[in-house]
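> my questions concern the predicted model and sequence given below.
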Amino acid sequence: MKLRETSLNMKANGQLRRDLEQNADEILHKVESIGDAHLMSDLETPLRKDAFVLSPEEKVNRIEEKFADILQILGLDLSDDSLSGTPRRVAKMYVNEIFQGLLPENKPQAKLFDNKYRYGQMLLEKNITVHSYCEHHLVPIIGKAHVAYISSGKVIGLSKINRLVRYFSKRPQVQERLTEQIGAELKNALQTEDVAVYIDAEHMCVATRGVEDASSNTITVHYSGKFKEEVYRNEFLKMIS
Ligand SMILES: [Zn+2]
């Protein structure tokens, strides 16, 4: 805190002082959230304690302002017709579309049914669209998820599997965490350990920038329960191939 006081005692003008104060608070806040993050499971998306203090509408307004700054710093003229709506458009897209899976209330309710028909084999939901966003570059991850489970007495509405994949995809993600989050949620929802998740995706941060390799894919898997056994795993892999 010495540093902050010294900075504030400098003969800074009012704006600079406000900026310094705000930065110091932001840094303190960040340090607190990092401290908390260590207490959370690695499976959780790292969120700040105050993640849901602002309403979605307030978030859109704040992001719009900040995004206008970014575009202006880049040198773009926001009075141009084509650009004037971009900051608000991006802000709405972030909050209401591509990162809507950060909001717990958007999580689909997984309604279960009794497995009356005693279907005891594997159920595979194949080729589920994955549109996610790399949290290191905020550009798309595009791919397919294949999800299988073996019923422990309950079954889930099929579209719920797609909706769960979609919910966890609509966040800044790394593919490894996305795979584990889907696996954990299904085990929890279906009350079974017998779950497999396979994601095959292309990362736009690899394809269109940096190494610019547009032909590589990333595959991640989550096998638990019976899917750790070769016989189930092989059947699963055969069904998705
Ligand atoms: Zn990336």
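Received it, and whenever you're ready, just let me know what you need.

> excluding chain neighbours, what is closest to the spatially most central residue of the chain?
Nearest residue to the geometric centre of the chain (C-alpha atoms, centre = their mean): residue 171, 2.3 Å. Spatially, and ignoring its direct neighbours in sequence, residue 171 is nearest to residue 101 (4.4 Å; C-beta to C-beta, 6 or more residues apart in numbering). In short, each C-beta sits where N, CA and C put it, glycine included.

> so what's the residue nearest to the centre of the chain up against?
Residues in contact with residue 171 (C-beta atoms under 8 Å, 6 or more residues apart in numbering) are 45, 99, 101-102, 132-133, 135.

> circling back: isn't the residue nearest to residue 171 up against residue 167?
Yes. Here residue 101 reaches residue 167: they are 4.7 Å apart, a contact under C-beta atoms under 8 Å.

> what's the overlap in contacts for the two?
Contacts common to residue 101 and residue 167, judged by C-beta under 8 Å, 6+ apart, are residue 107.

> circling back: mind checking which of the contacts of residue 171 are in strands?
132-133 (DSSP state E).

> and the contacts of residue 171, which are buried?
With neighbours counted using 16 or more other C-beta atoms under 10 Å, the contacts of residue 171 contain these buried positions: 45, 99, 101-102, 132-133.

> make JSON lines from those residues and add distance to residue 141 and pLDDT to it.
Formatted as JSON lines, the buried ones among the contacts of residue 171 follow (distance: C-beta to C-beta, whole Å; pLDDT from 0 to 100):
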{"residue": "45", "distance to residue 141": "14", "pLDDT": "96"}
{"residue": "99", "distance to residue 141": "13", "pLDDT": "98"}
{"residue": "101", "distance to residue 141": "13", "pLDDT": "98"}
{"residue": "102", "distance to residue 141": "16", "pLDDT": "97"}
{"residue": "132", "distance to residue 141": "4", "pLDDT": "98"}
{"residue": "133", "distance to residue 141": "6", "pLDDT": "98"}
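
> dump these to TSV, plus distance to residue 78.
Shown next, in TSV, are the buried ones among the contacts of residue 171 (distance: C-beta to C-beta, whole Å):
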residue	distance to residue 78
45	32
99	23
101	29
102	27
132	29
133	24
